[in-house]
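> Sequence plus the predicted model coming up.
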Amino acid sequence: MTKFQGKVAVITGAGSGIGRALALQLAKEGARLALSDVNTIGLDETAQAARALGAEVHTAALNVAEREAVLAYADEVAAHFGKVNLIFNNAGIAFTGDVEVSEFKDIERIMDVDFWGVVNGTKAFLPHLIASGDGHVVNISSLFGLVAIPSQSAYNAAKFAVRGFTEALRMEMITNGHPVKVTCVHPGGIKTAIARTATAAEGTDASSLGEFFDKHLARTSPEAAAQRILTDVRRNRARCLIGLDARALDLFQRATGSGYQRIFAATAGRVMKKAGQSAV
């Protein structure tokens, strides 16, 4: 897929951040858009901006963790547009907390949205993508789907799972001869609200962590991230690394193997602890 003109693109988490940037870039390139989010205010803002660029836009309030709702949404989008060419499973949330102090419900919530949301979106739309004859699944993992870091065990688990699921899916599409390409995206620090809206285990100051992320780690704009993703979709890249941090740490992990864990425990662990010390 080298051009997006006339293609039907589904984007979850389109109310802000990378999702909004993808929607606006695709609108400029003539795509027809199915946009969803739990944040209906942000979703409406994205839709208005995309329509101002001339795009046909379908919107829906959607929680990607609710499987039956996602399945019904896929049929609704296919009926509305007559086809579906791309799905960007972008919706996600964040949580910070060591395993010993994290509640089961907090870990489950991250898995429900960040992993099962991707599975739900992929499974719901895959038949329509195959039927289009020119489909592409784009699943958003993370830099933390390439390397683990202390205090991010739940998020790491979800994003590593997205990576494994997506890489296997790509191979299945090739093996089965389906006309569907697959790309797994690993953003580094992106200037979005995900860190500011993240939840945290008791005793951890979520707002301080958000401020630390925004000040020290978020280097890439959502617009630059969207452009990188779409470039790699055009090139049918299996893996899309966004930002110098993602590329550097990917190489670092490859070079050190499991040795990176000891280094991260001694450095990143202390940094995260200091950043997340409770203000109470």
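Alright, I've got the coordinates.
> which residue packs closest to Leu71, ignoring adjacent ones?
In space, not counting the residues next to it along the chain, Leu71 is nearest to Ala124; the distance is 4.9 Å by Cβ to Cβ, 6 or more residues apart in numbering. Using the backbone N, CA and C atoms, a C-beta is placed for each residue, glycine as well.
> Glu76 is in contact with that neighbour, correct?
No: distance between Ala124 and Glu76: 10.4 Å, which falls outside the contact criterion (Cβ atoms under 8 Å).
> ok so, going back, kindly tell me how buried the residue nearest to Leu71 is, as a neighbour count.
Ala124: 24 surrounding residues under other Cβ atoms under 10 Å.
> Can you spell out which helices and strands pack onto the helix or strand that contains it?
When secondary structure is defined by DSSP states H and E, Ala124 falls within helix 116-132. Applying 3 or more Cβ pairs under 8 Å, 6 or more residues apart in numbering; DSSP states H and E, one finds that helix 116-132 contacts strand 8-11, helix 67-81, strand 86-89, strand 135-140, helix 153-175, strand 180-187.
> Let me have these in TSV, extended by distance to Leu24.
TSV is the format used below for these (distance: least, Cβ to Cβ, whole Å):
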stretch	distance to Leu24
strand 8-11	10
helix 67-81	19
strand 86-89	13
strand 135-140	16
helix 153-175	24
strand 180-187	17
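> Which one of the ones you listed lies nearest to Arg228?
Set against Arg228 and scored by Cβ to Cβ, the helices and strands packed on helix 116-132 come closest in strand 180-187, at 8.5 Å.
> Tabulate the helices and strands packed on helix 116-132 in TSV, adding columns for mean pLDDT and mean neighbour count.
TSV is the format used below for the helices and strands packed on helix 116-132 (pLDDT from 0 to 100; neighbours: other Cβ atoms under 10 Å):
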stretch	mean pLDDT	mean neighbour count
strand 8-11	98	27
helix 67-81	98	17
strand 86-89	98	28
strand 135-140	98	25
helix 153-175	98	19
strand 180-187	98	24
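> So which of those is nearest Gly97?
helix 153-175 (7.2 Å).
> The closest one versus strand 135-140: what angle between them?
Computed with axes from the mean of the first three to the mean of the last three Cα atoms, to 10 degrees, the direction of helix 153-175 lies at 160 degrees from that of strand 135-140.
> follow-up on the earlier one: give the buried residues for the helix holding Ala124.
Neighbour-count burial for helix 116-132, with 16 or more other Cβ atoms under 10 Å as criterion, is recorded at 116-122, 124-126, 128-129, 132.
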